[in-house]
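Undergrad: Mind looking at a prediction? Sequence and model below.
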Amino acid sequence: MHTVAQKSTKKAWSGAVAEPAKEFPLTQLPVISGKIPEGLRGTLYRNGPARLERGGMRVGHWFDGDGAILAVHFTDAGASAVYRYVQTTGYQQETATGKFLYGNYGMTAPGAIWNQWLKPVKNAANTSVLVLPDKLLALWEGGKPHALDLQTLETWGEDSLEGLTNGLNYSAHYKQDPQTGEIFNFGITPGINATLNVYKSNSTGKIIQKAAYPLNGVPLVHDFVLAGKYLVFFIPPVRLNMLPVLLGIDDYSDCLKWQPELGTQIIVIERETLSLVSRGETEPWYQWHFGNGYVDDTGAVIVDIARYQDFQTNQYLKEVATGETHTPAESTLSRVTLNPQTGKVTAIAQLLDRHCEFPNVPQPKVGQMWRYTYMSGFRQGTDISQEILNAIARFDHKTETLIEANLGENRYPSEPIPVEDWVLTVVYDGNRHCSEVWIFAGDRLDQEPVCKLQLPSVIPHSFHGTWKPLK
């Protein structure tokens, strides 16, 4: 009796997460097509979960993978790149033993239940990066940042920024004022009711001011927005059921519950003093990421978000770690208008009827009025329940038009990073199982890239990146 081989239902994107990523030392990058623009000088940094398996066991959620940083240096001599895992304590211990030792966002600590109590959650250092004058920070919102060498990516260790005492966490989503260089960020301290800790740093990263505000329950707060003189937090109606986590019975991801009856809570904070301006409430939705915010001529705060109707996105992202997704989770670019003095929302408008994630604006426009929002999305006709983001686009708020980069079948770009006149992205080509750096002209995203560079090994799908100009 012969058996018929089962056809795999996995899509091409799964090739990038099938095996742990391979580090590479500083390597000159060959130009595949076009040429590096003359004015593009600096470094592109990206961070993401690069190891989703160890000792034959997969992580429980995409968020659990060990972080690895890609640095692509653009100089007069061309482009070179280096790729290294962040050498966290947990990563080093698990490498030495060849197996998972810690729990994380989507997994409990292996072995007996008391392992969960004895071992803290592993700092995966896998979400974003912050460039400081003398170091690079690998960010992960459940703990302290890790400091790395800007050139070599050598890990120096955890960094408290001279202010993260008594177990304070530092989120992956800071906001840096382009004029003053001040850096704003936050961290959540869990408890019966969580605490929102808000930080202001100077341009070196040193925390110079802190404030703390009580929250209702333990919500999942991933990002916030800088809008003129305000910091604005939208607290989605997701709450953590703490008991199973504390008992070691279940992980954080599975204990986060969608509770739309709570609505979306709004907290407006004055950036200068970090004092509370107002609290408000509006209809329920979920967001991971904000595009940007500003204060208009009437004094209203305008905020753009990638808005989900519910929390299905968490299940979808959990499935990414398996290499096969089934859960549809669609977000749209939406604009919220609110009165900062009362915290009252006066309007919510959908700007696009297309899926939107990783919305961002050029760094010089953070916190102020802007024209262009860059984002990741899906090509028209994509089954969004089975694919991951496979297009990047630019929305023009003035003309209300979208230009889109169609990378072709089985190619998956990272979050687009706008740099002056260009847009940079790292592309996984599932047709050839390789990764490349693509550089587009910012106003011609729908045309061929001006340059493509070959990377030495596959870079798994990553979360966030940033650009450091050559001084």
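TA: Happy to help now that I have it. Numbering: from 1, shown residues only.
Undergrad: N123 and G143 touch, don't they?
TA: Yes. When contacts are counted by Cβ atoms under 8 Å, N123 is listed as touching G143 (4.0 Å). C-betas here are computed from N, CA, C, even on glycine.
Undergrad: what sits in contact with each of those two?
TA: Common neighbours of N123 and G143 are listed as E158 (criterion: Cβ atoms under 8 Å, 6 or more residues apart in numbering).
Undergrad: With neighbour numbers in mind, choose between these two.
TA: In terms of neighbours (other Cβ atoms under 10 Å), N123 is the more surrounded of N123 and G143; the figures are 25 against 21.
Undergrad: what secondary structure does that one sit in?
TA: Reducing the assignment to helix, strand or coil with DSSP: H, G, I helix; E, B strand; the rest coil, the entry for N123 is coil.
Undergrad: Spit out the contact partners of it.
TA: Taking Cβ under 8 Å, 6+ apart as the test, what N123 contacts is 88-90, 140, 142-144, 146, 158.
Undergrad: List only buried entries from those.
TA: Among the contacts of N123, those classed as buried by 16 or more other Cβ atoms under 10 Å are 88, 90, 140, 142-144, 146.
Undergrad: which among the residues you listed gets closest to N410?
TA: W140 (29.9 Å; Cβ to Cβ).
Undergrad: From A172, how far out is that closest one?
TA: Taking Cβ to Cβ, to the nearest Å as the measure, W140 falls 6 Å from A172.
Undergrad: Show me the common contact partners of these two, please.
TA: Jointly contacting W140 and A172 under the rule Cβ under 8 Å, 6+ apart are T127.
Undergrad: Can you pull out the low-pLDDT segments for the stretch 101-250 of the chain?
TA: 112-119 (pLDDT under 70).
Undergrad: if we can go back for a sec, quick one: which of the buried ones among the contacts of N123 sit in strands?
TA: For these, the ones inside strands are H146, with DSSP state E as the criterion.
Undergrad: Need phi/psi at L246.
TA: Backbone torsions for L246, taken as degrees, to the nearest 10, come to phi -60, psi -30.
Undergrad: count of neighbours near it?
TA: For L246, the neighbour count with other Cβ under 10 Å is 13.
Undergrad: Spatially nearest residue to A211 (excluding sequence neighbours)?
TA: Closest residue to A211 in three dimensions, ignoring its sequence neighbours and counting by Cβ to Cβ, 6 or more residues apart in numbering: L274, at 3.8 Å.
Undergrad: Next: N431.
TA: Ranked by Cβ to Cβ, 6+ apart and with sequence neighbours excluded, the top spatial neighbour of N431 is N410, at 4.9 Å.
Undergrad: need the contact list for the one you found.
TA: Applying Cβ under 8 Å, 6+ apart, we find N410 in contact with 11-13, 429-431.
Undergrad: out of those, which are buried?
TA: Those of the contacts of N410 that meet the buried threshold are 11-13, 429-430, by 16+ other Cβ under 10 Å.
Undergrad: The strand or helix carrying I32 - contacts with which helices or strands?
TA: Counting by DSSP states H and E, the element that carries I32 is strand 31-34. Helices and strands touching strand 31-34, as assessed by 3 or more Cβ pairs under 8 Å, 6 or more residues apart in numbering; DSSP states H and E, comprise strand 451-454.
Undergrad: Tell me the buried residues in the strand it packs on?
TA: By neighbour count on 16+ other Cβ under 10 Å, the buried set for strand 451-454 is 451-453.
Undergrad: And the contacts of it?
TA: Contact partners of strand 451-454, identified using Cβ under 8 Å, 6+ apart, comprise 29-37, 72, 79, 434, 436-439.
Undergrad: hang on, the earlier thing: as TSV, the contacts of N123 with distance to I384 would be great.
TA: Output for the contacts of N123, formatted as TSV (distance: Cβ to Cβ, whole Å):
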residue	distance to I384
T88	33
T89	37
G90	33
W140	27
G142	28
G143	32
K144	35
H146	33
E158	37
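Undergrad: so which two of those are the farthest from each other?
TA: In those, two members sit farther apart than any others by Cβ to Cβ. They are T89 and G142, at 13.9 Å.
Undergrad: what about G205, neighbour count?
TA: 24.
Undergrad: so it, which of the three states?
TA: When classified by three-state DSSP, G205 comes out as coil.
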